[in-house]
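**Student:** Take this sequence and fold it.
(one chain, ligands or ions: 1)
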Amino acid sequence: MSVEFDRQKLELALQSGRNGENSLFSLHIFDHLASTNQTLWNLLAQGAESWSVVIAQQQTAGRGQWGRQWISHPGGLYLSVAIAPKLEASASYQLTLASAWGIANQLRCYGVDVGIKWPNDLVLNGRKLGGILTETKINHGYIHQAVIGVGINWTNPVPETGINLEMWQACYATKPIPCLETLTSVVLRGIESGMECLVKEGINILLSRYLELLTNVGDKVYIHDLAGTVVGVTSQGELRVSVETYDTTDIKTTELYIEPGTITLGYRKSSVPL
Ligand code: BTN
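**Tutor:** Okay, here's the model as predicted:
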């Protein structure tokens, strides 16, 4: 049986550190839903504003990247946030980069050693802690509305390649995140700070921060039988892979840009026991 989500606790956590200013977020909290992303799109169609948030304790049809299902047992964090950024449609992926960086960075402030696995995974000890699914509505070449969906493993059961924060905190935390409501506030502040960085400081600064947390730099990958090395990510979210090609006289180094969803980078076996 899951513990009931405490709205007041979340509101207090969101207010703290804002010098009495109210938080941006308008909260819609549910026991269970098909998908928080879907419910938020429905609320937006009925006139809900930017920074509306949908939280569910369980999802029956959680959506993952590339059309996959996101298994959503009780105990996990499942939330979606609505934003209306002034961005061209071609820059849509920047919302995922900004959210991934912002959430990872906020978790790191709690001593959780989170990294980012390209393009949208949050990883801890080489295993998946959570993921981000950004959905957009485009109008005349610009993003009209966007929904950022985040799933984080808190106390829910996870597959072998996954990890939940409860398992990790039991072994390593110096300043544990005490409850799901605090984790929710950390994630919401993460999304807010990621968007603020993107809007105020621009994609180049955001990208340099994202790259500092990217765990894949230096990984060896194969693209159509060519061996390459991951060297970074572009501002459109493509993976930058450096490959060497040989002809009879020359060795040439070129860079390939790999679109999200076209290759999968594996998880490392955890080097640290849990
Ligand atoms: C991934 O595949 O890594 C991204 C998963 C995103 C899952 C979250 S859970 C809350 C929100 N609602 C959904 O239906 N999906 C996202």
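**Student:** C-alpha only now, for contacts and for neighbours.
**Tutor:** OK.
**Student:** in stretch 130-137, what's buried?
**Tutor:** With burial defined by 16 or more other Cα atoms under 10 Å, the residues of stretch 130-137 counted as buried are 130-136.
**Student:** List, out of the residues you listed, those positioned next to the ligand.
**Tutor:** 131-133 (Cα under 6 Å from any ligand atom).
**Student:** Inside helices: which ones of those?
**Tutor:** Under the assignment DSSP state H, these contribute nothing to helices.
**Student:** where in this structure is pLDDT low?
**Tutor:** Low-confidence segments of the chain (pLDDT under 70): 1-2, 268-274.
**Student:** Tell me which stretches of the stretch 151-274 of the chain form helices.
**Tutor:** Using DSSP state H, counting those that start in this stretch, the helices found in the stretch 151-274 of the chain span residues 165-172, 180-196, 203-213.
**Student:** Okay, buried residues for stretch 79-92 please.
**Tutor:** Neighbour counts over stretch 79-92 (16+ other Cα under 10 Å) mark 79-83, 85, 87, 89, 92 as buried.
**Student:** between those residues, which is nearest the ligand?
**Tutor:** Ranked by distance to the ligand (Cα to the nearest ligand atom), the buried residues of stretch 79-92 are led by L79 at 4.5 Å.
**Student:** Do I have it right that the closest one meets V53?
**Tutor:** Yes - proximity of L79 to V53 meets the contact threshold set by Cα atoms under 8 Å, at 7.0 Å.
**Student:** ok, what's across the strand from the residue in the stretch 151-274 of the chain positioned nearest to the ligand?
**Tutor:** Per Cα to the nearest ligand atom, G151 is where the stretch 151-274 of the chain lies closest to the ligand, at 3.8 Å. Taking DSSP bridges as the rule, G151 bridges to Y78, G131.
**Student:** ok, now which ones touch it?
**Tutor:** Going by Cα atoms under 8 Å, 6 or more residues apart in numbering, G151 touches 76-79, 130-132.
**Student:** Check P85 too.
**Tutor:** When contacts are counted by Cα under 8 Å, 6+ apart, P85 touches 143-146.
**Student:** now swap in G141 and tell me
**Tutor:** Neighbouring residues of G141 by Cα under 8 Å, 6+ apart: 88-90.
**Student:** On the three-state scheme, P74 is what?
**Tutor:** When classified by DSSP: H, G, I helix; E, B strand; the rest coil, P74 comes out as coil.
**Student:** which non-adjacent residue is nearest it?
**Tutor:** Once flanking residues are discounted, P74 sits nearest to Q58: 5.0 Å by Cα to Cα, 6 or more residues apart in numbering.
**Student:** on that earlier part again, now, of the helices of the stretch 151-274 of the chain, which is deepest in the fold?
**Tutor:** helix 180-196 (a mean of 21; mean count of other Cα atoms under 10 Å).
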